[in-house]
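Student: got a predicted model here, sequence first, then my questions.
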Amino acid sequence: MQRITSLRGDPWKVLEEIKSGKYFAKEAGNLKETIVEMEKLFTYLGAMKRLDKISFDQSLARGLDYYTGMIYEIVLTDKTTELGSISGGGRYDNLIGMFCQHQIPATGGSLGIERLFTILESKFKNKVKQNEC
């Protein structure tokens, strides 16, 4: 049996594989709703000409239990610096309700400022080296 966490790559191909029924019963939980949301997201990304910048990864886990929906990470694809993700976040519908009496659906993220500074510093040093020649 294949594991869903092995799926990654082109968003539409991964979605078609999920819809194939190899991983879930067709009536499993919120599967239909999730598929509709994914189709909508991929359609929007395609309309903005950004879908080719996305790798859909079913193994991604942010390590925080307050996420209630899709999560994301942004990684640098410029092979000059190996730092992992520079940003991450996702959907968390119940987090705000932990601190007040109202449940407020929300999304959010964080940005790795130190990682970005490291990248900028590296690019600057490489540029200086190139100009010294």
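Tutor: Great, that's in hand. Numbering: from 1, shown residues only.
Student: just the CA trace of the longest strand anywhere in the chain, in CSV.
Tutor: Longest strand in the chain, counting residues (DSSP state E): strand 85-91. Extracted in CSV, the C-alpha atoms of strand 85-91 (Å, rounded to 0.1, in the frame of the first residue of the first chain):
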residue,chain,number,x,y,z
SER,A,85,12.8,27.2,4.4
ILE,A,86,12.8,31.0,4.7
SER,A,87,9.1,31.3,5.5
GLY,A,88,6.2,29.1,6.7
GLY,A,89,2.7,29.2,8.0
GLY,A,90,-0.8,28.0,7.4
ARG,A,91,-4.4,27.9,8.5
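Student: mind giving me the packing neighbours of that strand?
Tutor: Where contact means 3 or more CB pairs under 8 Å, 6 or more residues apart in numbering; DSSP states H and E, strand 85-91 is packed against strand 71-75, strand 107-111, helix 113-132. Heads up, the C-betas are built off the backbone N, CA and C, glycines and all.
Student: what do you get if the cut-off is 6 Å, keeping everything else the same?
Tutor: Here strand 85-91 touches strand 71-75, strand 107-111, going by 3 or more CB pairs under 6 Å, 6 or more residues apart in numbering; DSSP states H and E.
Student: roughly how far apart are residue 35 and residue 115?
Tutor: As defined by CB to CB, to the nearest Å, residue 35 lies at a distance of 33 Å from residue 115.
Student: neighbour count: the two, which is higher?
Tutor: Neighbours were counted for residue 35 and for residue 115 using other CB atoms under 10 Å; residue 115 has more, 16 against 13.
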